[in-house]
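K.L.:
show me how the following folds:
(2 chains)
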Amino acid sequence: MPRDPWREVLDEAESLRTRAALSLKIPPISVPWEEPDESLGDLAFGCFVYGKRMLQAPESIASRLAPAFSKGRFIAGASAAGGYVNLRVDATTLATETLRAVGETGETYGRGDPQKERILLEHTSVNPTGPIHVGRARNPIIGDSLARILRFAGHPVTTEYLVNDVGKQMVLMYWGVTRLTPEQVGPADSEKEDHTLLPYYVKANELAEKDARVGQEVDALIRRFEGGDAELTREISNVSRRVLSGSLQTLERIRVGFDGFFWESELILQGKVPPVVNRLANLPDARQENGAYFIDMAPYGVKGRETKWFITKSDGTSLYPTRDIAYHLDKFSRCDVAITVLGENHRLEFEQLRTALRLLGEREPEAVFYSYVVLPEGAMSARRGRVVTMDDLIEEAVSRALDEVRSRRPELPEARMREIAETVGIASLRYNIVRVQPEKKITFRWEEALNFEGNSAPFLQYAHARTCGILNKAGGLEPYDPARLTHPQEARLVKVLSKLPNTVQRAAADRRPHEIAGFAYTVASQFNLFYRDCPVLTADPPIRAARLALVDATRVVLQNALECLGLPAPREM
RNA sequence: GGACCCGUGGCCUAGCCCGGAUAAGGCACCGGCUUUCUAAGCCGAGGAUCGAGGGUUCGAAUCCCUCCGGGUCCGCCA
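P.N.:
Numbers count the residues shown, from 1 in each chain, chains lettered A, B, ... in the order given. Reported below is the predicted structural model:
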């Protein structure tokens, strides 16, 4: 039975407000709740809108409204100040309910009720031509965090990677891998196949431009491929599988995995594209130009130099956007809501996709857009050799974390140090990306990406490790009386903990993982203050017992918030 | 030519959707706190005309308009 203590507080406040207003014959107006400065109360709302509606001073309304509030289970009292009504939440009741919720739901505190709505979340989907670089790093991290949050919120979620294993770039890759020797392409910087195969792709691109004979060979392959040569399509797909296997190892190390993969080649081989082409070409809006079908999207809000959206080439072969439509129709046969995590450069294309689906009378997907990570000197570019790969970043993060562990915990055995370093390094990297709103651009700087203090993953993990440390030494939980939690800092901590379920629901509904990051930071921060102000193990037995329950609740909340972000929660650091 | 995204102390970010009571954190810098549950912590100090200008409003970082700066996109590529 999931519980949401803060939601109960809000619901009660709302109903008390309605009753108070009714008793004064004040029209019920929905005014948003805010959280005022602690010295004023726990919840508040301004009476300015009432004032305007009733042509009275907000101060006077507030001072009449406040006394009309009756006490509730949570709401202990109301007072008026400066046109606001401030409500005070009873600390003991909130502590009782919050700790009981954690006690009853255990490690699952914060998890939402099971939802019916099946969500298919597509993310990452980088072209399998080489290692994933940091410029794209936000996609898997945002995508995986969002998947975790949606699942925790109660949704059945399937994550999927669209493997773009067709098209010219893959034909080039295939040509390179099958025709070039290791001596021709030079050495790779790693044994993983995403790294070892990249040089073939780079060399193939170079030769195709410079050498006319190579260009002809590649063109011939492209013609065979576009002619529907199934054998060739499979061979090309196999190359992409090899590259992908390398990238997946990297993703696995940062705790990103997928429930499924969708191969674009399969879409083609299974003949799912022509029916879609037909449907599109038969739309009333479809036009023809030199044998190529298109839809002019200008009437549908698409603006710019070119508003034609092409369905086919003049030779009748399909284009990527058309295949994407076919893919989405397939998606919708398997889910209720389709979400895709996309780089900001795909905004227009996504609008076109939605428009085309709308014209077909089909459902439309949602998207979460992010800006690419750039280097201080500009965008990452494989061609200009200006790249930091995910593998580089991971190695550096873990190695710096190991230095930290060595200096902070010299007494630990080497293997344990390495374990903690991996945990901290990976978490730092994920947290630094997920804590920022996706649409803000991030400039990659080592010193920021690998900062282990302040608002960073280790800060959160450290707070979690501290809770575990206390609980370990305590030996076990005991029966407790929540009324023994009388310190203001205990109340602050309780209040934050009570908000986990509500925060999860909001972050899931808004598709905003960074809200969980902010929440986790607040929890850790409030716990650190509690840690300073309220000794646990040495407190008098009744207080000790109550504080232990609070520490355990904090542990659960941190663990679950960290889990939602894909950050490991170490028991010691 | 057009569309979209971003612009908050020296640096990075939250708040913006849903307008409210002195704009909240982190980094960096300076000064403190460890016989007490791990100092990856805590406390204190300084530092912001919330890009600029108009408008709406009793009230604007938040909504509207214009402009400036940065980014992205407008292929019979994917």
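K.L.:
near RNA strand B at all, stretch A:499-506?
P.N.:
No: applying C-beta under 7 Å from any atom of the strand, one finds stretch A:499-506 out of contact with RNA strand B, separated by at least 7.5 Å. From N, CA and C alone the C-beta is placed, and that goes for glycine too.
K.L.:
name the residues of the stretch 101-250 of chain A found near RNA strand B, please.
P.N.:
Residues of the stretch 101-250 of chain A lying near RNA strand B (C-beta under 7 Å from any atom of the strand): A:127, A:164, A:166-169.
K.L.:
tell me the buried residues within those.
P.N.:
By neighbour count, with 16 or more other C-beta atoms under 10 Å, these hold A:127, A:164, A:166-167, A:169 as buried.
K.L.:
which of these has the weakest pLDDT?
P.N.:
For these, the least confident position by pLDDT is A:Gly167, scoring 87.
K.L.:
separation between the residue nearest to that residue when sequence neighbours are not counted and A:Leu269?
P.N.:
Once flanking residues are discounted, A:Gly167 sits nearest to A:Tyr320: 7.2 Å by C-beta to C-beta, 6 or more residues apart in numbering. Distance of A:Tyr320 to A:Leu269, given as C-beta to C-beta, to the nearest Å: 16 Å.
K.L.:
same thing with A:Asp229?
P.N.:
Noted for A:Asp229: a distance of 11 Å to A:Leu269, by C-beta to C-beta.
K.L.:
ok, A:Gly260 next?
P.N.:
In terms of C-beta to C-beta, A:Gly260 sits 17 Å off from A:Leu269.
K.L.:
A:Tyr320 and A:Leu269: which is more packed in?
P.N.:
A:Leu269 (16 against 13; other C-beta atoms under 10 Å).
K.L.:
interface residues of the stretch 251-400 of chain A facing RNA strand B?
P.N.:
Listed as neighbours of RNA strand B in the stretch 251-400 of chain A under the rule C-beta under 7 Å from any atom of the strand: A:264, A:289-292, A:303-308, A:310, A:312-315, A:319-321, A:344-349, A:371-372, A:379.
K.L.:
hmm, A:Gly106 is touching A:Val556, no?
P.N.:
Yes: assessed by C-beta atoms under 8 Å, A:Gly106 is found in contact with A:Val556 at 7.5 Å.
K.L.:
higher neighbour count, the two?
P.N.:
Each of A:Gly106 and A:Val556 has its neighbours counted (other C-beta under 10 Å); A:Val556 has more, 21 against 8.
K.L.:
list the buried residues in the strand or helix carrying the more buried one.
P.N.:
Per DSSP states H and E, A:Val556 falls inside helix A:541-564. Neighbour counts using 16+ other C-beta under 10 Å place A:543-564 of helix A:541-564 among the buried residues.
K.L.:
only C-alpha atoms, please: export it in CSV.
P.N.:
Taking Å, rounded to 0.1, in the frame of the first residue of the first chain, the C-alpha atoms of helix A:541-564 are listed here in CSV:
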residue,chain,number,x,y,z
PRO,A,541,17.5,5.5,24.7
PRO,A,542,14.0,6.8,23.7
ILE,A,543,15.5,9.6,21.6
ARG,A,544,18.1,7.2,20.2
ALA,A,545,15.4,4.8,19.1
ALA,A,546,13.4,7.5,17.3
ARG,A,547,16.5,9.0,15.7
LEU,A,548,17.5,5.5,14.4
ALA,A,549,14.1,5.2,12.7
LEU,A,550,14.7,8.6,11.2
VAL,A,551,18.2,7.7,10.0
ASP,A,552,16.8,4.5,8.5
ALA,A,553,14.1,6.4,6.7
THR,A,554,16.7,8.8,5.3
ARG,A,555,18.7,5.8,4.1
VAL,A,556,15.7,4.4,2.3
VAL,A,557,14.9,7.8,0.7
LEU,A,558,18.4,8.4,-0.4
GLN,A,559,18.8,4.9,-1.7
ASN,A,560,15.6,5.2,-3.8
ALA,A,561,16.4,8.7,-5.1
LEU,A,562,19.9,7.5,-6.1
GLU,A,563,18.4,4.4,-7.7
CYS,A,564,16.1,6.7,-9.7
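K.L.:
if we can go back for a sec, can you select the buried ones among the residues of the stretch 251-400 of chain A next to RNA strand B for me in PyMOL?
P.N.:
To isolate the buried members of these in PyMOL, using 16+ other C-beta under 10 Å:
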select buried, chain A and resi 264+292+307+310+312+319+371+372
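K.L.:
so which of the residues of the stretch 251-400 of chain A next to RNA strand B sit within strands?
P.N.:
Taking DSSP state E, the ones among these that sit in strands are A:289, A:292, A:308, A:310.
K.L.:
who does the first one form a beta bridge with?
P.N.:
Spelled out, it's A:Glu289. On the basis of DSSP bridges, A:Glu289 is bridged to A:Ala292.
K.L.:
which of the three states applies to the residue of the stretch 351-500 of chain A found nearest RNA strand B?
P.N.:
Nearest residue of the stretch 351-500 of chain A to RNA strand B (C-beta to the nearest atom of the strand) works out as A:Gly454 at 2.0 Å. Secondary structure assignment for A:Gly454 (DSSP: H, G, I helix; E, B strand; the rest coil): coil.
K.L.:
report the contact partners of it.
P.N.:
Residues near A:Gly454 by C-beta atoms under 8 Å, 6 or more residues apart in numbering: none.
K.L.:
what score does it have for pLDDT?
P.N.:
94.
K.L.:
now find how far off-centre the helix or strand containing A:Val243 is within its chain.
P.N.:
Element membership for A:Val243, per DSSP H and E: helix A:230-253. Its chain's average C-alpha position is 25 Å from that of helix A:230-253, according to C-alpha atoms, centre = their mean, to the nearest Å.
K.L.:
stretch A:345-353 too?
P.N.:
For stretch A:345-353 - counting by C-alpha atoms, centre = their mean - the centre lies 20 Å from the chain centre.
K.L.:
repeat for stretch A:397-413
P.N.:
Centre-to-centre, stretch A:397-413 and its host chain are 29 Å apart (C-alpha atoms, centre = their mean).
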